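Enquirer: prediction below, plus the sequence it came from.
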There are 2 protein chains.
Amino acid sequence: MSLRIGFIGLGIMGSHMARHIYEAGFPVTVWNRTASKMEQAKQWGAHTAHSPKEVAEQSDLVITIVGDTPDVREVVTGENGVLAGANPGMIYIDMSTISPEAAKELAVVAKEQGVDMLDAPVTGGDVGAKNGTLSIMVGGEEDVFLKAKPILETMSRSLVHVGPNGAGQTVKACNQILCGVHIAAVTEAMAFAAKAGVDLEKMLAVTTSGSGSSWALENYGPRILKGDLNPGFSIRFQQKDLRIVLQEAEKMELPLLVTAVVNQLLRSQQAHGGNELGTQSFIQVIEQLANQSITPKS
Amino acid sequence: MSLRIGFIGLGIMGSHMARHIYEAGFPVTVWNRTASKMEQAKQWGAHTAHSPKEVAEQSDLVITIVGDTPDVREVVTGENGVLAGANPGMIYIDMSTISPEAAKELAVVAKEQGVDMLDAPVTGGDVGAKNGTLSIMVGGEEDVFLKAKPILETMSRSLVHVGPNGAGQTVKACNQILCGVHIAAVTEAMAFAAKAGVDLEKMLAVTTSGSGSSWALENYGPRILKGDLNPGFSIRFQQKDLRIVLQEAEKMELPLLVTAVVNQLLRSQQAHGGNELGTQSFIQVIEQLANQSITPKS
């Protein structure tokens, strides 16, 4: 018989991910804090539950993808949380981006109740979630990973077991250091070119094809050029992710100067009301600092 | 009749570049401050001269690729410099990485003597120079670019006319912002993963295939992992290039915070004797700050 899947968190990412699992032939029971999202899921065939606890009671494997560390704790260890309803032998997978330390702690708590946990954060954004082409980096025990693999494969193009509990979140944190610092590099380079009067389209064409290239340059450079600051990934989440990185780094006595500066500049963009804009709106931080416009006005 | 080419600066890059021109069928006259390099060039067929002036006297098109801005000024406008020997109608191409402002000024000085100048800095490193696969970004007048094109094509895979005099250097500066900041991102991410005990090979595999990817990550990540800090591009030149960027940015009243921090950290690596190591030795800056080793000891 097919594994019964529970899915908690039907945001932009989660709603697509849950549906991919269902369409691969697994029964899916969902819960979401905002109930209207559950109605949409009902239409494609999901069962709904009244709490994370009830989801767990009806599932062999439960996935959460919610916001920040406190949201995950609440949904998992709260009075009506996943662990309150979990049967021994259940697998629990958190796909949110939270701190590696919190992921390790939750795995210990889950284990005490006979539940095996994996941390499995993703990259690839809403487009990756929609098309089932996410990259998933998984931390946890090998045999648990192998059991969960058929489920995670329904939504991913790249699925890698990177180490023990917490390792998935650590690798995701590394990815977020790279993305965050790259967008700063892209915007400083574009501001420099714009001020010097160079054609930005030619600048992007040349640098994208050489040693200065990055995923961020290729994907966000053209959007900045068009003045499109809509979120693929929001300033809010990028700032949160670097905050997690810096908190972990502090525990490890590891100074990360460039990441710290970028994090502070992201905070400046938040202070200017850019929380829900895409990370490419980092260009506005430079505009603010330089007191001049660089992007085309919409 | 074939254009007679003059080539000044037979360093790691220049010696290969001059030879590609010669092998494409153009007569080449060379000069280099260190005379022994000229002897090597003689062996593959170059003529040699006693000064940049003498090179210019015998050439229709002269290329320089020397160190920093003062070196270029000396070789071009000095008593025995290129312009002292140039015939009206000669084309002069500087392929060094210098400041966009200096490139513009030199173009004006050259024009007064009937010489058309292009700034044509390159990326692709010693490997690109050796294989004739450099990327060249050219600033100057369109018709001068078209005359020089067959020569520049002998050593490049990508050749783009990006704008008027100075524009080539501006785009190169943008490339150097990107490269410099990227190597900082790579090393901070790797240090984070190493401290957290995650397998660095897996971390690199996952991040290289996703939204955190960059040329720097793909090329320098594995070298850092092996403890190979040999220069593809040296700390000395990276620091010089960001110094140029920041000097230009100051003139343009453009604050570039992340670039500035990276530049200061490069200076720290210079202070620790890392001047001639590759830019991937930025990992040692993090090790120094964190007072612990991350790369394998050789």
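Expert: Alright, I've got the coordinates.

Enquirer: A:Phe145: what secondary structure?
Expert: Put simply, A:Phe145 is helix when judged by DSSP: H, G, I helix; E, B strand; the rest coil.

Enquirer: is it true that it touches A:Ile136?
Expert: No. If you go by Cβ atoms under 8 Å, A:Phe145 and A:Ile136 don't touch, sitting 10.5 Å apart. C-betas here are computed from N, CA, C, even on glycine.

Enquirer: now the strands: where do they sit in the stretch 51-200 of chain A?
Expert: A:61-64, A:91-94, A:116-119, A:122-123, A:134-139, A:156-163 (DSSP state E, counting those that start in this stretch).

Enquirer: among the ones you listed, which comes closest to A:Ile224?
Expert: Closest to A:Ile224 of the strands of the stretch 51-200 of chain A, according to Cβ to Cβ: strand A:122-123, at 20.5 Å.

Enquirer: could you name the helices and strands sitting against the closest one?
Expert: Helices and strands touching strand A:122-123, by 3 or more Cβ pairs under 8 Å, 6 or more residues apart in numbering or on different chains; DSSP states H and E, are strand A:134-139, helix A:167-195.

Enquirer: now with 7 Å, please.
Expert: Where contact means 3 or more Cβ pairs under 7 Å, 6 or more residues apart in numbering or on different chains; DSSP states H and E, strand A:122-123 is packed against strand A:134-139.

Enquirer: contacts for the strand it packs on, please.
Expert: A:103, A:118-124, A:128, A:145, A:152, A:155-169, A:171-172, B:206, B:209-210 (Cβ atoms under 7 Å, 6 or more residues apart in numbering or on different chains).

Enquirer: A:Leu10: what secondary structure?
Expert: With three-state DSSP as the criterion, A:Leu10 reads coil.

Enquirer: coming back round to it: return a PyMOL selection command for the buried portion of the contacts of strand A:134-139.
Expert: Selection of buried members from the contacts of strand A:134-139 for PyMOL, criterion 16 or more other Cβ atoms under 10 Å in any protein chain shown:
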select buried, (chain A and resi 103+118+119+120+121+122+123+124+128+145+152+155+156+158+159+160+161+162+163+164+165+166+167+168+169+171+172) or (chain B and resi 206+209+210)
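
Enquirer: who are the packing partners of the worst-scoring helix or strand of chain A on mean pLDDT?
Expert: Taking mean pLDDT, DSSP states H and E as the measure, chain A has helix A:125-131 as its least confident helix or strand, at a mean of 89. When contacts are defined as 3+ Cβ pairs under 7 Å, 6+ apart, helix A:125-131 sits against helix A:12-23.

Enquirer: repeat that with 10 Å
Expert: helix A:12-23, strand A:134-139, strand A:156-163 (3 or more Cβ pairs under 10 Å, 6 or more residues apart in numbering or on different chains; DSSP states H and E).

Enquirer: could you export the ones you listed as CSV, including mean pLDDT?
Expert: Shown next, in CSV, are the helices and strands packed on helix A:125-131 (pLDDT from 0 to 100):
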stretch, mean pLDDT
helix A:12-23, 96
strand A:134-139, 96
strand A:156-163, 96
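
Enquirer: rebuild the ones you listed as TSV, extending it with distance to B:Pro222.
Expert: Below are those laid out as TSV (distance: least, Cβ to Cβ, whole Å):
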stretch	distance to B:Pro222
helix A:12-23	31
strand A:134-139	19
strand A:156-163	17
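
Enquirer: to B:Arg73, which of these lies closest?
Expert: B:Arg73 lies closest to strand A:134-139 among those, at 49.6 Å (Cβ to Cβ).

Enquirer: run the chain-centre distance for the closest one.
Expert: Averaging C-alpha positions (Cα atoms, centre = their mean, to the nearest Å) puts strand A:134-139 10 Å from its chain's average.

Enquirer: and A:Gln43, how far from A:Ile8?
Expert: Relative to A:Ile8, A:Gln43 is positioned 18 Å away (Cβ to Cβ, to the nearest Å).

Enquirer: quick one: which of the two has more around it?
Expert: Each of A:Gln43 and A:Ile8 has its neighbours counted (other Cβ atoms under 10 Å in any protein chain shown); A:Ile8 has more, 30 against 7.

Enquirer: hey, what's the more buried one bridged with?
Expert: Following DSSP bridges, A:Ile8 is listed with bridge partners A:Trp31, A:Thr64.

Enquirer: dump the residue contacts of it.
Expert: Counting by Cβ atoms under 10 Å, 6 or more residues apart in numbering or on different chains, A:Ile8 touches A:14, A:18, A:29-33, A:49, A:51-52, A:55-56, A:59, A:62-66, A:72, A:75-76, A:81-82, A:94-96.

Enquirer: got the end-to-end distance for stretch A:116-125?
Expert: Chord length of stretch A:116-125, first to last residue, is 27 Å (Cα to Cα, to the nearest Å).

Enquirer: before we move on, the earlier item: out of the strands of the stretch 51-200 of chain A, nearest to A:Asp228?
Expert: A:Asp228 lies closest to strand A:122-123 among the strands of the stretch 51-200 of chain A, at 20.6 Å (Cβ to Cβ).

Enquirer: A:Ser2: neighbouring residues, count only.
Expert: If you count neighbours by other Cβ under 10 Å, A:Ser2 ends up with 10.

Enquirer: pLDDT weak spots in chain A?
Expert: Scanning chain A for pLDDT under 70 picks out A:1, A:297-298.

Enquirer: ok, the residue lying farthest from the centre of it - contacts?
Expert: Most distant residue from the mean C-alpha position of chain A: A:Gly197, 36.7 Å away (Cα atoms, centre = their mean). A:Gly197 sits next to B:100, B:163-164, B:166-167, B:170, B:252 when contact means Cβ under 10 Å, 6+ apart.

Enquirer: JSON lines please, covering the residues you listed and showing distance to B:Val261.
Expert: Shown next, in JSON lines, are these (distance: Cβ to Cβ, whole Å):
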{"residue": "B:Pro100", "distance to B:Val261": "22"}
{"residue": "B:Gly163", "distance to B:Val261": "29"}
{"residue": "B:Pro164", "distance to B:Val261": "32"}
{"residue": "B:Gly166", "distance to B:Val261": "26"}
{"residue": "B:Ala167", "distance to B:Val261": "27"}
{"residue": "B:Thr170", "distance to B:Val261": "22"}
{"residue": "B:Met252", "distance to B:Val261": "19"}
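
Enquirer: ok, and which of these reach chain A?
Expert: Here is what survives when the contacts of A:Gly197 are matched to chain A using Cβ under 10 Å from any Cβ of the partner chain: B:100, B:163-164, B:166-167, B:170, B:252.

Enquirer: coming back round to it: ok now the least confident helix or strand of chain A, how far from the chain's centre?
Expert: That offset, for helix A:125-131, works out to 11 Å (Cα atoms, centre = their mean).

Enquirer: buried residues, that helix. List them.
Expert: For helix A:125-131, the neighbour count (16+ other Cβ under 10 Å) marks A:125, A:128-130 as buried.

Enquirer: export those to CSV and append columns for distance to A:Gln284.
Expert: Converted to CSV, these look like this (distance: Cβ to Cβ, whole Å):
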residue, distance to A:Gln284
A:Gly125, 20
A:Gly128, 26
A:Ala129, 27
A:Lys130, 27
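
Enquirer: return the member of the residues you listed nearest to A:Asn219.
Expert: Of all the buried residues of helix A:125-131, A:Asn219 sits closest to A:Gly125, with 9.7 Å by Cβ to Cβ.

Enquirer: which residue packs closest to that closest one, ignoring adjacent ones?
Expert: Sequence neighbours aside, A:Gly232 is the residue nearest to A:Gly125 in space, at 5.2 Å (criterion: Cβ to Cβ, 6 or more residues apart in numbering or on different chains).

Enquirer: kindly report the same for A:Asp68.
Expert: A:Asp68's closest residue in space is A:Lys240 (Cβ to Cβ, 6+ apart), at 5.9 Å.

Enquirer: assign the one you found to helix, strand or coil.
Expert: Applying three-state DSSP to A:Lys240 yields a three-state assignment of helix.

Enquirer: which residues does it contact?
Expert: Applying Cβ under 10 Å, 6+ apart, the residues near A:Lys240 are A:67-69, A:97-98, A:176, A:234, A:263, A:266.

Enquirer: ok, so of those, who is nearest A:Arg223?
Expert: Nearest member of those to A:Arg223, counting by Cβ to Cβ, is A:Ser234, at 13.7 Å.
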